[in-house]
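[1] Build me a structure from this.
(one chain, ligands or ions: 1)
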Amino acid sequence: MSTPPVVPQPRNCTVCDGGLPIARIICSLCGASNGRYVAVLESPVTGLPESAQCFVSDLCRITQLDGIPKLEGKWVLESSQFNVCATPSEVFPLANKILSTACRIMSLYFGLSYRPIVKFIQCLDTGGQPCGNEVRISFTLKTTSRDAMENLTKPINGRPRATAIFEAAHKDAKIRYALDLYQDIEDRWPNVYDIIEFLGGPKGIKNSGFGTEKETTTVKQTANHYRHLGSQKQFPLPSKPPSLPQAAYFAKKALSRWIESRL
Ligand SMILES: [Zn+2]
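    Numbers count the residues shown, from 1 in each chain. Reported below is the predicted structural model:
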């Protein structure tokens, strides 16, 4: 038995009857919400049913969808914060942020050793049925992971780079130390800060050609602000601070280039 594909249908706003572009739930004419977004989750092991018992408010609800053919049994994250988003791509970073907070709370009590991820964002119409396109992880991230696989498997002396790094780490304590700087399963501001310090700060990174001094300074100042959140003293953000994924990407890229320079 196969489920018929969900074909996005053009819809009209339930309030002003204006045409709604596909995959939008906020009417651009009258601003009314015409449904809701859900972030469809995936976890490598169990944990979602437990999370669903823990997060039950409008701000953060983890629940299993019921009665929606295409999405039957899927675990989703819902949040009233999604309601202001006009497009699913705006929901993505919000959903990641909310999920990250939920995971931190879980791990504080549970020692969570895995992390559920947002698979895609689905928009549901006012009747609860899927509408518009599901939006998968953003294009940049996809590109990054394809690049990452290419980078990891690129042959160095007849072995994939990942193997070369592993073997080099076995012999070189500095590489082992560098890898320890990024052992967390998720991006964290203190890691970003430590990596920049390890690589010699903005000047060292500039001299090694791993990044510009200006960008490094901005990333470092932002990381310093967030790693001091528990402090009463103020560490101001720079103007135009990067997001955590952007900063982590910058730090990881510089660190991997440093490691590669030692192979
Ligand atoms: Zn409208």
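[2] Now residue 80: closest residue in space that isn't a chain neighbour?
    residue 58 (4.4 Å; C-beta to C-beta, 6 or more residues apart in numbering). Every C-beta, even on glycine, is put in place using the N, C-alpha and C of the backbone.
[3] Do I have it right that that neighbour meets residue 79?
    Yes. Between residue 58 and residue 79 there is a contact under C-beta atoms under 8 Å: 7.4 Å.
[4] Just want to know which of the two has more residues nearby.
    The neighbour comparison of residue 58 against residue 79 (other C-beta atoms under 10 Å) goes to residue 79, with 24 against 10.
[5] The more buried one touches residue 55, doesn't it?
    No. With contact defined as C-beta under 8 Å, residue 79 does not reach residue 55; the gap is 9.6 Å.
[6] overlap in contacts of those two?
    residue 61 (C-beta atoms under 8 Å, 6 or more residues apart in numbering).
[7] residue in the stretch 151-263 of the chain nearest to the ion?
    Closest to the ion within the stretch 151-263 of the chain is residue 243: 31.1 Å, counting by C-beta to the ion.
[8] Phi and psi next, for that residue.
    Dihedral angles phi and psi of residue 243 (degrees, to the nearest 10) take the values phi -80, psi 170.
[9] start the count at 9, not 1, going forward
    Will do, 9 is the new start, and the previous item becomes residue 251.
[10] Residue 43 - how many residues pack around it?
    Look at residue 43: counted by other C-beta under 10 Å, it has 22 neighbours.
[11] Quick one: residues contacting residue 131.
    Contacts of residue 131 were listed using C-beta under 8 Å, 6+ apart, and they are 31, 32, 33, 43, 44, 45, 46, 96, 138, 139, 140.
[12] Doesn't the last one belong to a strand?
    Yes. With DSSP: H, G, I helix; E, B strand; the rest coil as the criterion, residue 140 is assigned to a strand.
[13] Return the residues of the chain in contact with the ion.
    With C-beta under 5 Å from the ion as the criterion, the chain comes near the ion at residues 21, 23, 24, 26, 35, 37, 38, 40.
[14] List the residues that contact the residue nearest to the fourth one when sequence neighbours are not counted.
    Spelled out, that is residue 26. If the residues on either side of it in the chain are set aside, residue 26 comes closest to residue 37, at 3.9 Å by C-beta to C-beta, 6+ apart. With contact set as C-beta under 8 Å, 6+ apart, residue 37 has these partners: 21, 24, 26.
[15] for residue 92, same thing?
    Neighbours of residue 92 in contact, by C-beta under 8 Å, 6+ apart: residue 34.
[16] Check it and give its pLDDT.
    Model confidence at residue 92, given as pLDDT, is 87.
[17] Sweet, I'm off.
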